[in-house]
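1. Sequence and predicted structure, then a few things I'm wondering about:
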Amino acid sequence: MAGGHRIFGRMVILADNSRRDAFHHKYIAKLEVVVNGVVETSDVIGAIFGQLEGLLGPELELKELQRTGKIGRINIRMRREGDRSRGIVELYSGLDKVRTALLAAAMETVDKVGPYPARFKLIRIIDDREERRSEIAKRAAEILKKWSVEREDSFRKLVEFVQRESAKSNFILYGDEELPAARGVEEAEEIIVVEGRADVMNLLKYGYDNVIAMGGAVEKVPKSLVKLISEKEAIAFVDGDRGGEMVLRTLLEQTDIDYVARAPEGKVVEELTAKEIRRALSSAVPADEVRRELGISPPQERRVLSTRPQASSQRHERGSDESLLRIPEMFREHYARVKGTDRVLLLDDNLSLIREVSTSDLLNSLSEVSGVRYVIYDRIVTQRIVDRAYEVGVRAIVGGVARDIVRRPSGMAIYTAQ
């Protein structure tokens, strides 16, 4: 047949191959054809052109429509099913909706292919422009998404710039050794000890103004830092690598560090995100526990609370009846039991003792012991202890004194002797 090409059971009919690239179709009519006999694609094409010839008049004559480029190729894909043949016919039309629908309806009237009965049924007519519009919309969404990401990235860089500049303004050199530190390290009750300047700058960027670095020292802790650690509640925050372990061992051997926090394995503190920093610090463990794991003996000179003016004040107040009067009556007997010691009472709903632990084990015990509703001890109540207690359902904390509590959860009371 003129203009026909047979490729793997598929025939494409074109009136003029030179018009292939110029034709732009608007609709695709898809029909299913079932023939009660074994036929070829050329038989189906012949049936369509033969039975539609003159049916709709000269305006909708298939050969003329193809010649003038008003319809494009007619694709047919046939397969054999036993003694029958089944396939899909696709008519590509550049006509309007009405004329395209007329052609599709006319094709449904074809009832014989060769000597065999046949049935043509329209599956659907696809508006190719709708398909293109859908693709355009998807692509536009991708462009907008990329555009938004670029804008967000630009804004994030601006925020990071402001954070860095703010961090620089809060950066100081502490002590005779000029250790990198944050401006608030002297006033803070609790400090974070890191390895180097870059660590300090990263924590400053996320709002931590109680940070100080060892300044590159690995084998010996600077004297001014040893003194500062002895006066504060201190957390060692080290890298999650071999270098971090070496620095941590030095701090544990030479200072009275209280808690240990580590960066995730393989990461360094200077590269951590705000979320990773919060997670690492909230997972800090008592330093004595780490010393036992590493087989390190505690330093000879331990912190002596009585040498600190604040501690002296606390001890004086604990010795007075006035301090007990500040404690609710329901807790006084328990508080009197721990007054002047480093013991902590963990009580249930009925104020019955669940467990007695040391202050260094308090954070871990709160996570391990279930049913704790009241915590009684005669030491400093910190924000970390408050947060951990709230997480496990504690209703009240009774302590000696509260320091730097900036967030007190609703539903939990805090009572102190001072």
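-> The structure has been received and is ready for your questions.

2. which SS class is the one residue sitting closest to the centre of the chain?
-> Centre of the chain computed as the mean C-alpha position; nearest residue by Cα atoms, centre = their mean is Lys275, 10.0 Å away. Per DSSP: H, G, I helix; E, B strand; the rest coil, the secondary structure class of Lys275 is helix.

3. again, but for Ile414
-> strand.

4. who's in contact with it?
-> 381, 386, 396-397, 399, 402, 405, 408 (Cβ atoms under 8 Å, 6 or more residues apart in numbering). In this view, the C-beta of every residue, glycine as well, is placed from N, C-alpha and C.

5. again, only using 6 Å
-> Shown in contact with Ile414 (Cβ atoms under 6 Å, 6 or more residues apart in numbering): 397, 402.

6. now do Val39
-> Val39 neighbours (Cβ under 6 Å, 6+ apart): 85, 113-114.

7. By neighbour count, which of these wins?
-> Val113 (27 neighbours; other Cβ atoms under 10 Å).

8. Strands along the stretch 151-300 of the chain, start to end?
-> 171-174, 179-182, 190-194, 211-213, 233-238, 259-262, 285-286 (DSSP state E, counting those that start in this stretch).

9. Compare the mean pLDDT across those strands and name the weakest.
-> Across these, strand 171-174 has the smallest mean pLDDT, namely a mean of 84.

10. buried stuff in it?
-> Going by neighbour count (16 or more other Cβ atoms under 10 Å), the buried part of strand 171-174 is 171, 174.

11. Give me the contacts around that strand.
-> 181, 183, 212.

12. where's the second one relative to Leu56, distance?
-> The reference is to Arg183. Applying Cβ to Cβ, to the nearest Å, the value for Arg183 to Leu56 is 89 Å.

13. what do you get for the first one?
-> Distance of Ala181 to Leu56, computed by Cβ to Cβ: 90 Å.

14. Also Glu391?
-> 79 Å.

15. Who has more neighbours out of the two?
-> Leu56 (15 against 12).

16. Not counting residues beside it along the chain, what's closest to Val238?
-> Nearest non-adjacent residue to Val238, counting by Cβ to Cβ, 6 or more residues apart in numbering: Gly244, 3.7 Å away.

17. And for stretch 48-57, what's in contact with it?
-> Contacts of stretch 48-57 (Cβ under 6 Å, 6+ apart): 62, 106, 110.

18. Backbone dihedrals for the last one, both of them.
-> The phi/psi pair for Val110 (degrees, to the nearest 10) reads phi -70, psi 120.

19. Was I right to think it contacts Gly46?
-> No: here Val110 lies out of contact with Gly46, judged by Cβ atoms under 6 Å, at a distance of 10.5 Å.

20. okay, those two: which has more neighbours?
-> Val110 (21 against 16).

21. That one and Ser42: what is the separation?
-> 15 Å.

22. shaky segments in this protein?
-> 1-24, 150-169, 216-218, 298-323 (pLDDT under 70).

23. in it, which spans are helices?
-> 41-52, 62-67, 97-107, 128-169, 197-205, 223-231, 242-254, 274-282, 287-294, 309-318, 321-325, 329-338, 362-368, 383-391 (DSSP state H).

24. Dump those helices into a markdown table; add distance to Leu353 as well.
-> As requested, the helices of the chain are exported to a markdown table (distance: least, Cβ to Cβ, whole Å):
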| stretch | distance to Leu353 |
| --- | --- |
| helix 41-52 | 90 |
| helix 62-67 | 96 |
| helix 97-107 | 85 |
| helix 128-169 | 46 |
| helix 197-205 | 39 |
| helix 223-231 | 33 |
| helix 242-254 | 32 |
| helix 274-282 | 27 |
| helix 287-294 | 23 |
| helix 309-318 | 21 |
| helix 321-325 | 19 |
| helix 329-338 | 8 |
| helix 362-368 | 13 |
| helix 383-391 | 17 |
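
25. Determine which of the ones you listed approaches Tyr27 most closely.
-> Set against Tyr27 and scored by Cβ to Cβ, the helices of the chain come closest in helix 97-107, at 4.7 Å.

26. Quick check: which of the helices of the chain is buried the most?
-> helix 197-205 (a mean of 22; mean count of other Cβ atoms under 10 Å).

27. If I take that one and helix 274-282, what angle do their directions form?
-> Per axes from the mean of the first three to the mean of the last three Cα atoms, to 10 degrees, the angle that helix 197-205 makes with helix 274-282 is 100 degrees.

28. helices and strands around helix 197-205, which ones?
-> helix 128-169, strand 179-182, strand 211-213 (3 or more Cβ pairs under 6 Å, 6 or more residues apart in numbering; DSSP states H and E).

29. hmm, 7 Å instead?
-> Judged by 3 or more Cβ pairs under 7 Å, 6 or more residues apart in numbering; DSSP states H and E, helix 197-205 is in contact with helix 128-169, strand 171-174, strand 179-182, strand 190-194, strand 211-213.

30. Tell me who's in contact with the residue nearest to the centre of the chain.
-> By Cβ atoms under 7 Å, 6 or more residues apart in numbering, the contact set of Lys275 is empty.

31. What distance do you get for it to Val269?
-> For Lys275, the distance to Val269 - Cβ to Cβ - is 14 Å.

32. Now a ChimeraX select for only the buried ones of the contacts of strand 171-174.
-> Of those, the buried ones can be selected in ChimeraX as follows, counting by 16+ other Cβ under 10 Å:
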select :181,212
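
33. can I assume Asp342 is in contact with Asp361?
-> No: Asp342 lies out of contact with Asp361 (Cβ atoms under 7 Å); the separation is 9.9 Å.

34. Now do the domain split for this protein, please.
-> Residue ranges for the domains of the chain, per automatic domain parsing: 4-131, 172-294, 306-416.

35. JSON lines for those, including distance to Ile143?
-> Listed next are the domains of the chain as JSON lines, based on distance: least, Cβ to Cβ, whole Å:
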{"stretch": "domain 4-131", "distance to Ile143": "19"}
{"stretch": "domain 172-294", "distance to Ile143": "29"}
{"stretch": "domain 306-416", "distance to Ile143": "43"}
